[in-house]
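# Turn this into a model:
(one chain, ligands or ions: 2)
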Amino acid sequence: MLATGEGHPAIEVDIAAVKFLTPAAIVAILARCNRWKREGRDLSLVGVESCENLGYLQRIDFLTHLGVEIPENFTRRAASGRFVPVQTLNFASGEVDRIASEITRCTLPDANPEDDVYRILQYAAGELLSNAKYHSGGRAYVCAQFFPTRNQVRIAVADDGMGIRGSFVNTSREDEANTPDAAIRLALQPRVSSALLRPNPNPYAGQNHRGVGLSITRILAKEAGGQLTIASEDGWFDELHSTEQARPRPAIFFPGTLVAVSLHRDQIADYAAMHAEAMSQIGMGSIDTPGMFME
Ligand SMILES: Nc1ncnc2c1ncn2[C@@H]1O[C@H](COP(=O)(O)OP(=O)(O)O)[C@@H](O)[C@H]1O
Ligand SMILES: [Mg+2]
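Ligands and ions are numbered 1, 2, ... in the order given. Here you go, the predicted model:
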């Protein structure tokens, strides 16, 4: 669905056959549709009556964020322990730390904030949200789910902003980031931050943008037996169990930025050690204050 729609004034989103969507699919569709709407396209939802799992799409607030209100014939229970209904933020609104904590609390209700798995998820969620808020210039959607049988947490953030290549425009490394794929590679390099490469960087940028957020999230995902996937325009990066995956056959064009991370809960033993290892891998040495990890 994300590959189509270009040049069409009206777009139909057909949910008839939808039984389940991963967090990445949920937020990607919402960010894509939001952008179409912003561009003045006429967006409509079809297949609602025959949708095989309408209650699920309502519970995760997928329909609400498409601007569709359908009466709910179920009682809403706390989503705790399985999924987090979609939340949004942009530069002007939405607090990164609060949303990250909510995601972590909902997805891991039995963990406490000192637990290793809690801290790693809080870090990854915080990084992805902060990137969408400060770099994208658009609106971001975030969603997370816990899959108990696989002991796996999945989190995804998608925005309808300028894309990763767009973030390097008018910076000193714009030429290196001249394709969406090259821009993603550059963004994944440790200590590369577009915020610090502008002709007149904000003097405070250095504190919040050290260019290590994506690099560390990538290493943490590897160490937790997980996956990191990034899509921006037609650029694509996908790494599972430390192995880069071949580009998927269908060409994906996603104008903003989508970043999805999965982590295996039982493979997270010692957050502090994992973090120290990640920092040393990117040549940052060890760090003693946990607050410094927030990028
Ligand atoms: N959602 C996004 N939209 C646009 N650009 C992004 C996004 N996320 C990351 N980037 C780009 O990737 C770069 C590296 O991100 P990161 O490693 O988190 O470092 P930092 O946030 O400290 O700059 C950012 O500086 C920015 O240029
Ligand atoms: Mg960052």
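# Around ligand 1, pick out the residues from the stretch 1-150 of the chain.
127, 131-132, 135-136 (Cβ under 6 Å from any ligand atom). C-betas here are computed from N, CA, C, even on glycine.
# Return the subset of those residues lying in strands.
Among these, the subset assigned to strands under DSSP state E is empty.
# Would you mind checking which of these is nearest to ligand 2?
Ranked by distance to ligand 2 (Cβ to the ion), these are led by Asn131 at 4.4 Å.
# Excluding chain neighbours, give the residue nearest to that closest one in space.
Leaving aside its chain neighbours, Asn131 sits nearest to Gly213 (6.2 Å; criterion: Cβ to Cβ, 6 or more residues apart in numbering).
# Please state the backbone phi and psi of the one you found?
With angles defined as degrees, to the nearest 10, Gly213 sits at phi -60, psi -50.
# Report the separation between it and ligand 2.
To ligand 2, Gly213 is 3 Å away according to Cβ to the ion, to the nearest Å.
# just Asp42 next, same as before
Distance, Asp42 to ligand 2, using Cβ to the ion: 35 Å.
# does the residue nearest to Asn131 really touch Lys133, like I thought?
No - under the criterion of Cβ atoms under 8 Å, Gly213 is not in contact with Lys133, lying 11.8 Å apart.
# Nearest residue to Ala278 in space, please, no chain neighbours.
Of all residues not flanking Ala278 in the chain, Ile219 sits nearest, at 4.0 Å (Cβ to Cβ, 6+ apart).
# picking that back up, who wins on neighbours among the residues of the stretch 1-150 of the chain next to ligand 1?
For those, the largest number of neighbours (other Cβ atoms under 10 Å) sits with Ala132, at 32 neighbours.
# Identify the residues contacting that residue.
Taking Cβ atoms under 8 Å, 6 or more residues apart in numbering, we find Ala132 in contact with 89, 138, 140, 142, 157-159, 161, 257.
# try Ala187
Ala187 makes contacts with 164, 167-168, 177, 194, 214, 230, as judged by Cβ under 8 Å, 6+ apart.
# mind listing the helices for the stretch 151-295 of the chain?
Here the stretch 151-295 of the chain has its helices, by DSSP state H, counting those that start in this stretch, at 163-167, 180-188, 205-208, 213-223, 271-281.
# Show me what the lengthiest strand in the chain is packed up against.
With secondary structure taken from DSSP E, the chain has its longest strand at strand 254-264. Judged by 3 or more Cβ pairs under 8 Å, 6 or more residues apart in numbering; DSSP states H and E, strand 254-264 is in contact with helix 23-38, helix 116-135, strand 152-159, helix 163-167, helix 213-223, strand 227-233.
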